[in-house]
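[1] turn this into a structure:
(2 chains)
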2 protein chains.
Amino acid sequence: MPDSALFVQQGVDQPPVVNPKASSFYKRNQAPVHAAQTYIDGIRSGNLSLLSQAITLIESTRADHQRIARKVLEACLPLSGNSIRVGITGVPGSGKSTFIEAFGSYLTKEGHRLAVLAIDPSSERSKGSILGDKTRMETLSGDPHAFIRPSPNSGSLGGVARKTRESVILCEAAGYDVVFIETVGVGQSEIAVHSMTDFFLLLMLSGAGDELQGIKRGIMEMADLIVITKADGSNVEKASLAQALYQNALHLFPPSASGWTPQALTASAIEHRGLEEVLQKIRDYFSLTKANGYMQHKRREQARYWMQQTIDETLRDRFFKHPDMERLLPAYEQKVLEGKLDSFAAASALIQQFDAS
Amino acid sequence: MPDSALFVQQGVDQPPVVNPKASSFYKRNQAPVHAAQTYIDGIRSGNLSLLSQAITLIESTRADHQRIARKVLEACLPLSGNSIRVGITGVPGSGKSTFIEAFGSYLTKEGHRLAVLAIDPSSERSKGSILGDKTRMETLSGDPHAFIRPSPNSGSLGGVARKTRESVILCEAAGYDVVFIETVGVGQSEIAVHSMTDFFLLLMLSGAGDELQGIKRGIMEMADLIVITKADGSNVEKASLAQALYQNALHLFPPSASGWTPQALTASAIEHRGLEEVLQKIRDYFSLTKANGYMQHKRREQARYWMQQTIDETLRDRFFKHPDMERLLPAYEQKVLEGKLDSFAAASALIQQFDAS
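    The predicted structure is shown next:
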C-alpha cells in the first residue's frame, strides 16, 4: 500500500490526516474517518451510518484504519454474543435472495432486528454478485429494522471470514438480535460460515430426481435445517416429495453432538408460506441447545477455531512471504518436482534455512 | 520416548546398539537394524523382508531409525515414480478387501507387480481394522508378485500420510509397478490419498434408492472411476441400475482439468467379472493423462502440496508445542471463551509473545 506513506497518523483516537483522493476507502464512503469513540457511541445508539463506516474500517487493510477498528471492536465485544447467528446457503436457483428478503421481513415484523452479512471470497472478481446490489432485496434494504452489508471483497477466504466475523460483533453491539451470514455454494466458504454461526440453513430446490445434485457434497451434512424453496403453484407437490427425500437422507447422517435432528421443510417466499415454521425450528434449536449447553460449547469451539486458524494463517504467511523463502522456494520446489528431493526432505531443509535467516 | 536413552548411536550407517527388549520396533520385527546400504541393496533387488523392515524404519519415530530411513529414501527416490498409483476407497459393505484381492490377483496375472498400502489414521485405536490381518487377503498375501502392508498406526493424519507416501517411494524402487493405497471412508484420509495417487477408485454398492448414502459427501467428486461391486447373482440388475445412476450423477460435476470423464462400472469379485474393464479404464486414464501432460502436472502439484503441508504442520507444531505457548494458550483461550478478547486479537497477542520468546 504505497498510499499509506501519504498519511500521518498522530494518535489512535485521532482521525488521521488524509488525502481524500488517495484512498479507496474514501472513494467508497466519501466520509471522513472519526475517532474510535465516535463509532463506539454511534454503534451503541444504533446509528446505521456509523456502524457501516466502522465495518468499512474493519475491512480496510490500512494500518491507521485497523488501529481504530481494533479499538471499536474491543469496546463492542462485551456487548456482543446475544444474537441468533444463522448461516444461509443454497443451491444455484434456489432463490436465496428472495427467501432472505421474505424471511427477513417476516423476522422484523415479529419484532426482531436483522443484520444480513455475507461471505463470498470471489466477490472481488464477480463484483456485486452477492448482495452487492441491494436492489436484490428491495423491501429489506428499506426496512428500518434490517441492516444489509455485502461481502468484504478481499483476497483470501481467511481474510474475508475474519472481517465478517468481526462485523457480526459490531452488528450485535448495535442491537441486531438475528444475524444472517449468507454464502455462495463454493464449499470452503460454507465451512467458514458454519464455523461462525449457531444454525446452518440450507436452501434446496425440488427437482425431477436430481435433488441431491448441484450442491457441493459435504454441505448437506452441516445443515441443521433444509428448506425446499419455491413450494408454490404447480411446484407444491414436487416440493413435498423433495422434503420427504431430504428428511430420509438426513436420517442417515450420524447424530449430531447438539442433540438436534436436522429436518427438512418447504417454504414459498412469494406466497409467504412456511416462514413461520422455519423461525419456529430455529427457535426450537435455540431452546434445545441453550438448555443442553451445546450452544455455549459450540461458540467456545468456534472462538478457539478462529484463534488457531488466525495463528496458522499468520505463521504460514510469515514463512511463505519471507524474502529468503520466496527466493529459495522455487529452487527447492524444482528439486522436488524433478524427483531429486522428496517433499518432506525439502520441507525440512527450507525450515532450517528459515530458522537460520 | 524414554527408551532412546538406552541407545548409543555412533554413525548413521552403522546399526545402532540396541537393547532388543526395549523397543517396540523389535517387538514387532524381531530383526536387527542394518546399515542403510543393506536396505538400499535389498530394496533394489526386490528383497521383501528388507523392504518391509525399511518401511518400519520410516514409520518409527526414533531419531536413529529416521536417520537410516532418510538415507534409504534418498537413494530410492531416483528409482521411484514409475508406478501407477491408485487410491481405493469404498462405502462400508462394498467389499473393499474382496475387490482388492480379486483385482490385485488379476493384475499380477497380467504381469504387474502390486504393492498394497493403506492410510487409516484410526488404526491405532481399531487395531487391525484395515489390512492389519492379512488373512483378509489370503490369495494376494501369498502371491509372490504382491506386497501387502497395513497402515502405519500413528497419531496424526499428516504423519500417517507422510509415512505412506514415503513407503510408496520404497515400493516403486523395489520394482512394484502398481501401488494401491487403500483407505477407510472418513473423509480426511480420502483427501490425503487423493493427494498422493494418480487415479482414484471409489467402490459403491447397489441399493434400493439409497445409492448416494453412506458415503461422505465430497468423495464422489474425487473419483476417476466408480465401481459398483457385488454385481453378481440376483444383484446384477440392481448393479446396472446403480451404474446408470452414478453415470448420470458424474456428468453433473464440473469437467476435470485432466480431460478425463469419470465413469461408472460394475464388477463382481467372486465371479471375477468386470476386472478387465476396470484395468482398461485405468490404462485409458494413463494414456490420456500421460499424453496431455496432466499426470506430470498432477504429480508436481502433489509434490508441492506435500512440501507445503509439511511446512505448515511443522510451523504449527512448533508454535502450539512451544513451552511458553503451552503455558500461555489456556489463559488466552479463556479470555476468548469469556468474550473478553476476540479470537483475532488473541491470536495476534500470542504471536507477539511467541516472537519475543
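[2] what angle do the longest helix anywhere in chain A and helix B:294-320 make?
    Secondary structure of chain A read by DSSP state H shows that its longest helix is helix A:294-320. Interaxial angle, helix A:294-320 versus helix B:294-320 (axes from the mean of the first three to the mean of the last three C-alpha atoms, to 10 degrees): 110 degrees.
[3] could you give the mean pLDDT of helix A:294-320?
    Helix A:294-320 carries an average pLDDT of 90.
[4] by contact count, what packs against it?
    helix A:157-173, helix A:275-291, helix A:323-337, helix B:294-320, helix B:323-337, helix B:343-356 (3 or more C-beta pairs under 8 Å, 6 or more residues apart in numbering or on different chains; DSSP states H and E). C-betas here are computed from N, CA, C, even on glycine.
[5] quick one, strands of the stretch 1-150 of chain A?
    For the stretch 1-150 of chain A, applying DSSP state E, counting those that start in this stretch gives strands covering A:84-90, A:114-119, A:146-148.
[6] the first one pairs with which strands?
    So that's strand A:84-90. Looking at strand A:84-90 with DSSP bridges, its partner strands are strand A:178-183 (parallel), strand A:199-204 (parallel).
[7] list the buried ones in the last one?
    So that's strand A:199-204. By neighbour count on 16 or more other C-beta atoms under 10 Å in any protein chain shown, the buried set for strand A:199-204 is A:199-204.
[8] so A:Leu265 sits in a strand?
    Yes: counting by DSSP: H, G, I helix; E, B strand; the rest coil, A:Leu265 is located in a strand.
[9] so what's it bridging to?
    With DSSP bridges as the criterion, A:Leu265 is bridged to A:Val227.
[10] picking that back up, I'd like the strands paired with strand A:84-90 as TSV, with mean pLDDT appended.
    TSV is the format used below for the strands paired with strand A:84-90 (pLDDT from 0 to 100):
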stretch	mean pLDDT
strand A:178-183	94
strand A:199-204	93
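[11] out of those strands, which is closest to B:Ser52?
    Shortest distance between B:Ser52 and these, using C-beta to C-beta, is found for strand A:199-204: 46.8 Å.
[12] quick one: that closest one to helix A:275-291, angle?
    Using the same axes, to 10 degrees: strand A:199-204 against helix A:275-291 is 150 degrees.
[13] identify the residues contacting strand A:199-204?
    For strand A:199-204, the external contacting residues (C-beta atoms under 8 Å, 6 or more residues apart in numbering or on different chains) are A:84-91, A:94-96, A:99, A:193-194, A:211, A:215, A:219-220, A:222-229, A:242, A:246, A:278, A:282, A:285-286.
[14] residue ranges with poor pLDDT in chain A?
    Within chain A, the ranges that satisfy pLDDT under 70 run A:1-31, A:121-135, A:154-155, A:185-187, A:207-218, A:252-254.
[15] returning to that earlier point: would TSV of the strands paired with strand A:84-90 with distance to B:Leu337 be doable?
    Formatted as TSV, the strands paired with strand A:84-90 follow (distance: least, C-beta to C-beta, whole Å):
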stretch	distance to B:Leu337
strand A:178-183	20
strand A:199-204	20
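[16] tell me how many other residues crowd A:Asp317.
    12 (other C-beta atoms under 10 Å in any protein chain shown).
[17] apologies, that question was intended for A:Gly81.
    14.
[18] right, and it touches B:Gly339 too?
    Yes: with contact defined as C-beta atoms under 8 Å, A:Gly81 counts as touching B:Gly339 (5.6 Å).
[19] residues contacting A:Arg149?
    Going by C-beta under 8 Å, 6+ apart, A:Arg149 touches A:52, A:55, A:115-118, A:131, A:167.
[20] please report the distance of it from A:Gly142.
    As defined by C-beta to C-beta, to the nearest Å, A:Arg149 lies at a distance of 15 Å from A:Gly142.
[21] cool, A:Leu205 as well?
    28 Å.
[22] those two - which one has more neighbours?
    Neighbour tally, A:Leu205 and A:Gly142, criterion other C-beta under 10 Å: the higher count belongs to A:Leu205, 23 against 9.
[23] for the more buried one, which non-adjacent residue is closest in space?
    Nearest non-adjacent residue to A:Leu205, counting by C-beta to C-beta, 6 or more residues apart in numbering or on different chains: A:Ser94, 5.0 Å away.
[24] A:Ser206 is in contact with A:Ala242, isn't it?
    Yes: counting by C-beta under 8 Å, A:Ser206 touches A:Ala242, with 3.8 Å between them.
[25] list residues touching both of the two?
    Residues touching both A:Ser206 and A:Ala242 by C-beta under 8 Å, 6+ apart: A:Ile228.
[26] reformat the helices and strands packed on helix A:294-320 as a markdown table; add distance to B:Ile270.
    What follows is the helices and strands packed on helix A:294-320, written out as a markdown table (distance: least, C-beta to C-beta, whole Å):
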| stretch | distance to B:Ile270 |
| --- | --- |
| helix A:157-173 | 47 |
| helix A:275-291 | 47 |
| helix A:323-337 | 43 |
| helix B:294-320 | 33 |
| helix B:323-337 | 54 |
| helix B:343-356 | 54 |
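[27] and among those, the most buried is which?
    helix A:157-173 (a mean of 23; mean count of other C-beta atoms under 10 Å in any protein chain shown).
[28] and A:Lys281, how close does it get to A:Ala242?
    Applying C-beta to C-beta, the value for A:Lys281 to A:Ala242 is 17 Å.
[29] repeat that for A:Asp143.
    Note on A:Asp143: its distance to A:Ala242, by C-beta to C-beta, is 30 Å.
[30] look at these two and report which has more neighbours.
    Set side by side, A:Asp143 and A:Ala242 show more neighbours around A:Ala242, with 25 against 19, by other C-beta under 10 Å.
[31] and the more buried one, which helix or strand is it part of?
    If you go by DSSP states H and E, A:Ala242 is part of helix A:236-251.
[32] only the buried residues of that helix, if you could.
    For helix A:236-251, a neighbour-count test (16+ other C-beta under 10 Å) marks A:236, A:238-239, A:241-243, A:245-246, A:249-250 as buried.
[33] mind listing what the closest residue to A:Pro78 other than its chain neighbours touches?
    Ranked by C-beta to C-beta, 6+ apart and with sequence neighbours excluded, the top spatial neighbour of A:Pro78 is B:Gly339, at 6.7 Å. When contacts are counted by C-beta under 8 Å, 6+ apart, B:Gly339 touches A:77-78, A:80-81.
[34] which residues does the spatially closest residue to A:Trp306 that is not a sequence neighbour contact?
    Distances taken as C-beta to C-beta, 6+ apart place B:Ser343 nearest to A:Trp306, at 3.7 Å, with adjacent residues excluded. By C-beta under 8 Å, 6+ apart, B:Ser343 lies in contact with A:165, A:303-307, A:310, B:336.
[35] which of those residues lies closest to B:Val179?
    Taking the contacts of B:Ser343 together and measuring to B:Val179 by C-beta to C-beta, the closest member is A:Tyr305, at 35.5 Å.
[36] that closest one and A:Ala192 touch, don't they?
    No: contact criterion C-beta under 8 Å: A:Tyr305 and A:Ala192 do not qualify, at 10.1 Å.
[37] count the neighbours of A:Asn82 for me.
    A:Asn82: 10 neighbours (other C-beta under 10 Å).
[38] likewise for A:Pro255?
    Neighbourhood size, A:Pro255 [other C-beta under 10 Å]: 10.
[39] next one: A:Ser206
    Count around A:Ser206 with other C-beta under 10 Å applied: 22.
[40] list the contacts of it.
    A:228, A:230-231, A:235, A:238-239, A:241-242.
[41] from these, which is closest to chain B?
    A:Leu241 (12.8 Å; C-beta to the nearest C-beta).
[42] any idea how far the closest residue to the closest one other than its chain neighbours is from chain B?
    In space, and not counting its chain neighbours, A:Leu241 is closest to A:Ser206: 6.8 Å by C-beta to C-beta, 6+ apart. Distance from A:Ser206 to chain B, counting by C-beta to the nearest C-beta, to the nearest Å: 17 Å.
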